[in-house]
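In: generate a structure from the sequence data that follows.
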Amino acid sequence: LGNLGNQPEMITLESGRKLAKFSIATNETYRNANGEKVTDTQWHNIIAWNKTAEIIEKYLQKGNEVMVEGKLTSRSYETKEGEKRYITEVVCNEILMLGNR
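Out: Residues are numbered from 1 along each chain as shown. All right, here's what the predicted structure looks like:
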């Protein structure tokens, strides 16, 4: 459960498959040892394919509140400079749009 941190990036592959990429921010609020309220924000990378991607493209925009269900995956890739990078993302298979539309 979180809010979109950016406008979804849409990619159409040569095969015709659609891919949506976006990030969501989730907040956890708690009180520290001094009794002060602390909010911890975590960012999550989300990807979605095909029909789910089309729904995201049509209805979602930056700031929307959503609930995402999917599989947590990790992968690596190489940058143009030859550096190896690692990324963890949620492969979304279901998305629930919350709030006013």
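In: and the strands in this protein?
Out: Along the chain, the segments classed as strands by DSSP state E run 2-4, 9-12, 18-31, 37-49, 65-78, 84-98.
In: which one of these is the most hemmed in?
Out: strand 2-4 (a mean of 19; mean count of other C-beta atoms under 10 Å). (Each C-beta comes from the backbone N, C-alpha and C, glycine too.)
In: that one pairs with which strands, parallel or anti?
Out: strand 18-31 (antiparallel), strand 65-78 (antiparallel) (DSSP bridges).
In: just put the ones you listed in CSV and tack on mean pLDDT and distance to residue 54.
Out: Shown next, in CSV, are the strands paired with strand 2-4 (pLDDT from 0 to 100; distance: least, C-beta to C-beta, whole Å):
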stretch, mean pLDDT, distance to residue 54
strand 18-31, 96, 6
strand 65-78, 95, 15
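In: for those strands, give me TSV that also has distance to residue 10.
Out: Formatted as TSV, those follow (distance: least, C-beta to C-beta, whole Å):
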stretch	distance to residue 10
strand 18-31	6
strand 65-78	16
